[in-house]
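Q: for reference, the sequence and a predicted model appear below.
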Amino acid sequence: MTAIQEHAAKTPGTLPVATTLGALGIVYGDIGTSPLYALKEAAKAATHGGPLVPAAVLGVVSLILWALILIISVKYALLILRADNRGEGGIVAMLALLSARNAEPGTWRARLLIVGLIGAALLYGDGAITPAISVLSAVEGLKVDAPALHRVVVPVTVAILVGLFAMQRKGTGFIGAIFGPVMLGWFLAIAALGIHGIVRSPGVLAALNPLYAVDFLIHQNFHVSFAILGAAFLAVTGGEAMYADMGHFGRLPIRLAWFTVALPALVLNYFGQAALLITDPSAIDNPFYQLAPDWAHYPLIAFATLATVIASQAIISGVFSLTQQAIQLGFLPRMHIAHTASDERGQIYVPLVNWLLAAATLAAVIGFGTSDALAGAYGIAVSLLMAITTLLAALVALHWGYNPLLVIAVNGFFLIIDLIFFAANTTKFLDGGWFPLLLASIIAGAMLTWRGGVRLVERARASLRRPEEELIEKVAHIYTTRLPGTSAFLASAANGVPLALSQFIKHNHALHERVLLVTVIIEEAPRIADEQRVDVTEVAAGIFRVILHFGFMQNPSIAAGLALALDQRKLPPLDLAEITYYIGRETIIPTEEIAGMAVWRETVFAFMQRNAERSAVFFGVPTRQVVEYGTEIEI
């Protein structure tokens with residue numbers, strides 16, 4: 001989360017201008033830079049090898065306009081933003097709202113979870129393509145005035161992106177503070193360019209009539225119509241950020257930023273480019289830059305590059321946030337998450353994800369080489385994600401008791417639109433659409449394998465875990481003396497005896513004066529208030545079960561949770577610095593003898609589990625107070 005997001009989150013009601021400005025910078029960076037390439041690609045698709053005629057230009061710009069109105073303005077801004085999880089948006093928050101993560105295998109909720117995880121994985125594919133096509137399309141402006149510079153486009157783009165990914169570890173507070181003002185300036189600039197173009201050919205405004213889009217599409221060859229739809233869809237990529245970032249700003253600022261600034265500026269620019277193409281079809285190679293006066297080309301390239309860096313930063317931060325949510329809800333293994341701001345809701349940095357995303361993005365830039373080539377890879381993942389979001393939103397509406405006929409009619413209408421765009425984008429599969437789908441398939445496979453493996457391990461733990469009654473009996477009849485001090489045993493379940501405690505009793509035949517059985521539960525709500533954080537029950541004399549509740553947007557800290565329990569006087573007085581934490585460290589052994597996943601998937605899970613962040617570090621336990629007990633678990 002950037003500085004503007006953080007400031008907005010703290011004072012959502014008192015700074016409507018600031019939150020709207022923040023939303024403009026964070027939410028609309030991606031869709032705001034789409035004019036660099038969207039209309040150009042759609043116009044090229046409309047020529048299908050022939051000359052560019054005015055009817056084609058009017059049809060294409062009308063299609064883009066109504067895609068923005070139907071998909072972004074109506075579906076996302078007015079409908080999808082209603083499907084929040086206590087103020088939080090995004091596909092993972094929606095899955096939590098539908099309680100899909102604890103679904104039993106074979107049920108409809110389990111199938112829903114698979115669909116949702118595929119949708120979440122598609123965001124990673126989008127995250128790899130967005131920085132590549134955005135920055136490439138901005139730097140390609142160099143070729144307008146100096147075609148010989150085409151050789152430096154890819155190296156310059158790579159240098160910019162390497163710098164962007166390298167700076168993530170230091171945080172983006174300074175850059176985040178200028179996101180809103182820069183993007184406001186960007187939208188004003190592209191609006192002015194659009195007005196300049198429209199004045200030259202006011203007849204382009206006829207394309208406000210949606211019949212131009214419909215008439216143009218139905219009179220084209222089927223394959224040409226699909227190619228045009230697939231290219232025009234580039235104009236709405238980035239719209240999914242409206243829902244994903246809802247928790248940072250709230251519905252009202254996001255809607256205000258869209259309807260008062262982003263939408264008018266985008267429409268003006270697209271119509272300005274269309275007006276230019278009507279008067280000068282030769283400008284099709286780069287209508288965005290050729291819309292500007294010659295003297296403004298290089299300043300505009302610099303401005304566009306800054307805007308695309310902001311758009312890229314927003315998607316990178318979004319991927320970090322998505323990863324954190326997926327880890328908390330048990331869809332990905334624990335990873336090191338660095339906090340680059342002091343506040344709990346501040347910026348985060350996930351090193352592994354950052355450099356994997358960097359590798360994928362740079363591979364896209366180097367492998368495809370131009371924004372034209374990348375346009376084939378862009379869109380297919382986003383269109384499928386939008387269809388999945390529409391489906392899940394319908395289920396949320398039904399879950400909340402809305403009229404089923406109304407839900408089916410409204411969401412069904414938008415689902416049909418989403419599926420038409422997805423079908424159109426599938427024609428680009430061999431032209432690069434396979435790339436984000438391959439990335440999404442790898443991520444979705446990892447998520448499903450991790451979740452399946454965790455269930456198998458918990459099943460194995462349950463068979464090894466001793467009942468609480470046995471512990472109570474031993475305390476009452478066997479151990480008459482206790483070791484001085486306090487021990488805390490981390491438990492994955494809120495019942496039974498933790499395996500680490502069983503190991504301790506087996507080897508030491510004793511217990512400490514005070515024993516804490518600590519379980520962390522990640523709830524299906526974004527945040528849990530402090531007064532609802534801690535539940536404490538006394539299992540036996542001196543033995544307390546402590547259950548700490550955290551939301552999936554919060555950082556689970558056992559040390560902070562125990563401190564809160566002491567402040568609330570739910571535990572007897574004790575010195576947190578003197579607690580010894582006992583944690584089980586498990587070695588996973590894949591085997592064919594036990595029913596579970598395919599052995600190769602169990603092997604992949606064992607590899608992920610072996611390389612996951614250690615429990616003590618992830619749960620905020622002081623490492624100098626930790627003792628680990630090793631256990632072998634066969635799955």
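A: On my side now, so go ahead.

Q: not counting its neighbours along the chain, what's nearest Phe165?
A: Ala358 (3.9 Å; Cβ to Cβ, 6 or more residues apart in numbering). (Each C-beta comes from the backbone N, C-alpha and C, glycine too.)

Q: that neighbour: what's it in contact with?
A: By Cβ atoms under 8 Å, 6 or more residues apart in numbering, Ala358 lies in contact with 161-162, 165.

Q: likewise Val60?
A: 39, 42-43, 46, 213, 216, 228, 232, 274.

Q: so how far is the helix or strand in which it is found off the chain centroid?
A: Here Val60 is covered by helix 54-67, with elements defined by DSSP states H and E. Chain-centre distance of helix 54-67: 31 Å, with Cα atoms, centre = their mean, to the nearest Å.

Q: and Glu632, how far is that from Gly22?
A: Remark: distance between Glu632 and Gly22 (Cβ to Cβ, to the nearest Å) = 50 Å.

Q: domains of the protein?
A: 23-210+221-453, 466-634 (automatic domain parsing).

Q: and the last one, how far from the chain's centre?
A: For domain 466-634, the gap between its own C-alpha mean and the chain's C-alpha mean amounts to 30 Å (Cα atoms, centre = their mean).

Q: about what we covered before: okay, the domains of the chain, which one's buried deepest?
A: Burial of those is given as mean neighbour count (mean count of other Cβ atoms under 10 Å); domain 23-210+221-453 ranks first at a mean of 21.

Q: give me the mean pLDDT for that domain.
A: Domain 23-210+221-453 shows a mean pLDDT of 87.

Q: so Ile547 sits in a helix?
A: No - going by DSSP: H, G, I helix; E, B strand; the rest coil, the assignment for Ile547 is strand, not a helix.

Q: how about it, nearest residue that isn't a chain neighbour?
A: Asp535 (4.3 Å).

Q: hang on, the one you found packs against His549?
A: Yes - between Asp535 and His549 a contact is recorded at 7.4 Å, counting by Cβ atoms under 8 Å.

Q: for the stretch 251-400 of the chain, what spans make up the helices?
A: Counting by DSSP state H, counting those that start in this stretch, one finds helices in the stretch 251-400 of the chain at the ranges 251-257, 263-279, 287-290, 297-328, 351-368, 371-375, 380-399.

Q: right, I mislabeled it, should have said the stretch 51-200 of the chain
A: Counting by DSSP H, counting those that start in this stretch, the helices of the stretch 51-200 of the chain are 54-67, 91-97, 108-139, 142-145, 150-166, 173-200.

Q: chain center to stretch 222-241: distance?
A: Relative to its parent chain, stretch 222-241 has a centroid offset of 21 Å by Cα atoms, centre = their mean.

Q: what of stretch 122-130?
A: 9 Å.

Q: so which residue is dead centre in the chain?
A: Leu322 (3.8 Å; Cα atoms, centre = their mean).

Q: now do the same contact list for the residue lying closest to it once chain neighbours are set aside.
A: Of all residues not flanking Leu322 in the chain, Leu123 sits nearest, at 5.8 Å (Cβ to Cβ, 6+ apart). Leu123 makes contacts with 91, 240, 244, 318-319, 322, 385, as judged by Cβ under 8 Å, 6+ apart.

Q: quick check: closest non-adjacent residue to Leu81.
A: Counting by Cβ to Cβ, 6+ apart, the residue nearest Leu81 is Arg251, at 4.9 Å.

Q: pretty sure that neighbour sits against Leu79.
A: No - look at Arg251 against Leu79 with Cβ under 8 Å: they stay out of range, at 11.3 Å.

Q: circling back to that earlier point, Leu142 is nearest to which of the helices of the stretch 251-400 of the chain?
A: When those are compared by Cβ to Cβ, helix 297-328 sits nearest Leu142, at 6.3 Å.

Q: ok, residues contacting stretch 193-204?
A: Residues contacting stretch 193-204 (Cβ under 8 Å, 6+ apart): 57-58, 61, 205, 265, 267-276, 278-279, 288, 291-292.

Q: how does it look with 6 Å?
A: 268-269, 271-272, 274-276, 278-279, 291-292 (Cβ atoms under 6 Å, 6 or more residues apart in numbering).

Q: same check, this time on stretch 439-458
A: Applying Cβ under 6 Å, 6+ apart, the contact partners of stretch 439-458 are 117-118, 121-122, 124-125, 128, 330-333, 360, 381, 596-597, 601, 604-605, 608, 633, 635.

Q: centre of the chain to it, how far?
A: 17 Å.

Q: okay, the helices of the stretch 251-400 of the chain in TSV with distance to Arg614 next?
A: Compiled in TSV, the helices of the stretch 251-400 of the chain are given as follows (distance: least, Cβ to Cβ, whole Å):
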stretch	distance to Arg614
helix 251-257	38
helix 263-279	47
helix 287-290	49
helix 297-328	14
helix 351-368	14
helix 371-375	39
helix 380-399	33
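
Q: of all these, which one is nearest Ala560?
A: That would be helix 297-328 among these, by Cβ to Cβ, at 15.4 Å.

Q: quick one: that closest one to helix 173-200, angle?
A: 130 degrees (axes from the mean of the first three to the mean of the last three Cα atoms, to 10 degrees).

Q: pull the CA atoms of the helix holding Val60 into CSV?
A: Taking Å, rounded to 0.1, in the frame of the first residue of the first chain, the C-alpha atoms of helix 54-67 are listed here in CSV:
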residue,chain,number,x,y,z
PRO,A,54,-13.8,6.1,-41.6
ALA,A,55,-16.6,3.6,-40.9
ALA,A,56,-14.0,1.2,-39.3
VAL,A,57,-12.7,4.0,-37.1
LEU,A,58,-16.2,5.0,-36.0
GLY,A,59,-17.1,1.4,-35.3
VAL,A,60,-13.9,0.7,-33.2
VAL,A,61,-14.1,3.9,-31.1
SER,A,62,-17.9,3.3,-30.5
LEU,A,63,-17.1,-0.2,-29.4
ILE,A,64,-14.4,1.0,-27.0
LEU,A,65,-16.7,3.7,-25.6
TRP,A,66,-19.5,1.3,-24.8
ALA,A,67,-17.1,-1.3,-23.4
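
Q: quick check: angle from it to helix 263-279?
A: Using the same axes, to 10 degrees: helix 54-67 against helix 263-279 is 170 degrees.

Q: and the residue nearest to Val309 when sequence neighbours are not counted, how far is that from Arg151?
A: Spatially, and ignoring its direct neighbours in sequence, Val309 is nearest to Leu164 (6.0 Å; Cβ to Cβ, 6+ apart). In this view, Leu164 and Arg151 are 22 Å apart by Cβ to Cβ.
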